[in-house]
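Kindly generate the corresponding structure for this input.
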Amino acid sequence: MFQLTPMVRNLLIANVVVFFAAMQINPLSALALYPIGSPLFQPWQFLTYMFVHANLGHIFSNMLGLVVFGPMLEQRWGANRFLTYWLICGLGAAVLYNGLRTYDGQRMRHDIEAFQAEPTDVNLMDFVDHNASEFREPFAVVARQLHATPDDQGLINSALESMNTIYQRSMSSPMVGASGALFGIMIAFAFYFPNTPLIIFPLPFPIKAKYLVVLYGLYEFYQGVHRAPGDNVAHFAHLGGLLVGLVVLLFWQRNRTRMY
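Predicted coordinates:
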């Protein structure tokens with residue numbers, strides 16, 4: 001399973017080279033994927049983001065997954081189909097996740113404009129509940145003050161400044177990493193080799209690939225829905241890679257069945 005195949009090796013080298021190049025020249029603003037609507041967004045980022053990683057732990061975990069799950073799939077498919085599948089899953093994850101990010105950005109902008117038009121404590125907390133629940137406690141203090149003094153222009157301007165800061169921070173926060181493509185590889189591995197036992201730290205016992213992927217998918221869904229404060233992991237991009245990978249696998253399987 002750990003014997004490197006040609007395309008797995010090429011992807012490993014490409015990711016490592018880009019990672020260390022990024023440490024020297026910091027190309028994140030050009031290569032990382034920003035939400036559509038951000039001034040930093042460029043169309044090519046849907047592809048280039050897959051080769052950029054945030055830190056050593058990030059690239060290590062993704063490349064370890066590639067080395068563990070990739071070779072058996074490349075041996076089954078061949079190098080060209082393996083690369084095609086990897087790129088489709090990465091692109092699909094980016095499109096789905098960026099769509100969510102774009103929707104979130106538009107909703108945030110709408111809530112800010114609603115507060116500008118009618119700067120009430122209710123509209124302020126609507127913005128917080130929709131877009132920034134991790135800041136609910138400090139904004140609740142401001143909302144109570146605004147309820148008591150609704151004509152306090154200084155308080156209104158301060159709240160607007162904070163809301164716009166949150167919006168700008170969201171729009172300038174990029175997505176990086178090969179995780180979406182890797183999750184597609186994981187579901188393909190479970191699809192073709194479902195009963196392969198895997199040792200996953202910290203579990204003290206082996207777990208079959210099909211159960212690992214299901215449990216991992218449920219974990220990512222839970223983390224995406226119940227997002228913890230400070231969590232900057234793109235959980236829905238991971239789920240996007242799983243979903244796109246499954247659709248591709250079923251499409252290929254159906255076409256193969258029709259040939260017989």
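
CA only for contacts and neighbour counts going forward, please
Will do.

any weak-confidence spans in the stretch 101-250 of the chain?
Across the stretch 101-250 of the chain, the ranges flagged by pLDDT under 70 are 201-203, 226-232.

quick one, helices of it?
121-131, 136-148, 153-171, 179-192, 209-225, 235-258 (DSSP state H, counting those that start in this stretch).

Which neighbouring elements make contact with the last one?
Taking 3 or more C-alpha pairs under 8 Å, 6 or more residues apart in numbering; DSSP states H and E as the contact definition, the neighbouring helices and strands of helix 235-258 are helix 79-117, helix 179-192, helix 209-225.

Send me the last one as CSV with only the CA atoms.
What that stands for is helix 209-225. C-alpha atoms of helix 209-225 as CSV (Å, rounded to 0.1, in the frame of the first residue of the first chain):
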residue,chain,number,x,y,z
ALA,A,209,-12.0,1.3,5.1
LYS,A,210,-15.7,1.5,4.5
TYR,A,211,-16.4,2.2,8.1
LEU,A,212,-13.6,4.7,8.4
VAL,A,213,-14.9,6.8,5.5
VAL,A,214,-18.4,6.8,6.8
LEU,A,215,-17.3,7.8,10.3
TYR,A,216,-15.0,10.4,9.0
GLY,A,217,-17.8,11.9,6.8
LEU,A,218,-20.2,12.0,9.7
TYR,A,219,-17.5,13.7,11.8
GLU,A,220,-16.8,16.4,9.1
PHE,A,221,-20.6,17.0,8.8
TYR,A,222,-21.0,17.5,12.5
GLN,A,223,-17.9,19.8,12.7
GLY,A,224,-19.2,21.8,9.8
VAL,A,225,-22.7,22.3,11.3
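
Just the buried positions in it, please.
209, 210, 212, 213, 217, 220, 221, 223, 224 (16 or more other C-alpha atoms under 10 Å).

Run through the residues that contact residue 206.
197, 198, 199, 200 (C-alpha atoms under 8 Å, 6 or more residues apart in numbering).
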